[in-house]
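[1] With the input below, show me the fold.
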Amino acid sequence: MPRIRIVEPSSYHRPQIRELMVHGKKIISFGAASVLFAALGLSAPASAAPLDLTLVAAHASRHDIKKLGMIAGWTQPTPLWQGQDWRLALRHEVELAHWHVPDARNIIEFGYSPVFRLEHAGAGSAPGFFVEASIGVRLLSHTYLAPDTTMSTAFQFADMLGAGWQWGASTVGVRFQHESNASIKSPNPGINFTEIYYRYRF
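    Model (predicted):
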């Protein structure tokens, strides 16, 4: 009867195998979290409000990092607060973005943000100025911004302040965004983005 010989991985291949397993776990975790965010966020807009798409371009405060992204969003039809001249609206935004990182591997970012927008009461039918703010969550494909700079965790909080102008189905705006892990793990350098965007509502 033939014997079955089990070949143990050589010491040369073991580090490569461990690295593949680590990357595999990261990809599985990132994919599972992405599916969860999509399921929580994208299940609502079909009956709530028309979908809009946003193109985002951003530049970071450190390491000359640039970001390009796309946001799928929608605004709840009923405002959170309604005054005579102003109202407070709630938006939901799911973002997928690509970071160009000159000193490390590029980063893929995925996340969700509830956005509170203070706008003129007639903004749905006439041009109008608005201000907005949010605290969202993000997942990063890896954490290194440079060989000596790491965000420490793939999970990040994203704080945003912005302003813009809406007319008809179009919107333009500027945002200032800060991402960090809120000191869940050190080091926590954080990163600041200045963003400009264009949105179209279908």
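[2] Do I have it right that Asp52 meets Arg199?
    Yes. Look at Asp52 against Arg199 with CB atoms under 8 Å: they come within range, at 5.4 Å. Bear in mind the C-beta positions are built from the backbone N, C-alpha and C, glycine included.
[3] where do the contact lists of these two overlap?
    Here Asp52 and Arg199 share the contacting residues 73, 171, scored by CB atoms under 8 Å, 6 or more residues apart in numbering.
[4] Which pLDDT value goes with the closest residue to Leu140 other than its chain neighbours?
    Leaving aside its sequence neighbours, Leu140 sits nearest to Ala154 (CB to CB, 6 or more residues apart in numbering; 4.9 Å). pLDDT for Ala154: 98.
[5] so His100 bridges to which residues?
    Going by DSSP bridges, His100 is paired in beta bridges with Lys66.
[6] burial of Trp86, as a residue count?
    For Trp86, the neighbour count with other CB atoms under 10 Å is 15.
[7] How about the contacts made by the closest residue to His120 other than its chain neighbours?
    With sequence-adjacent residues excluded and distances taken as CB to CB, 6+ apart, His120 is closest to Gly128, at 3.9 Å. The contact partners of Gly128, by CB under 8 Å, 6+ apart, come to 119-120, 122, 165-167.
[8] 6 Å - rerun?
    Counting by CB atoms under 6 Å, 6 or more residues apart in numbering, Gly128 makes contact with 119-120, 166.
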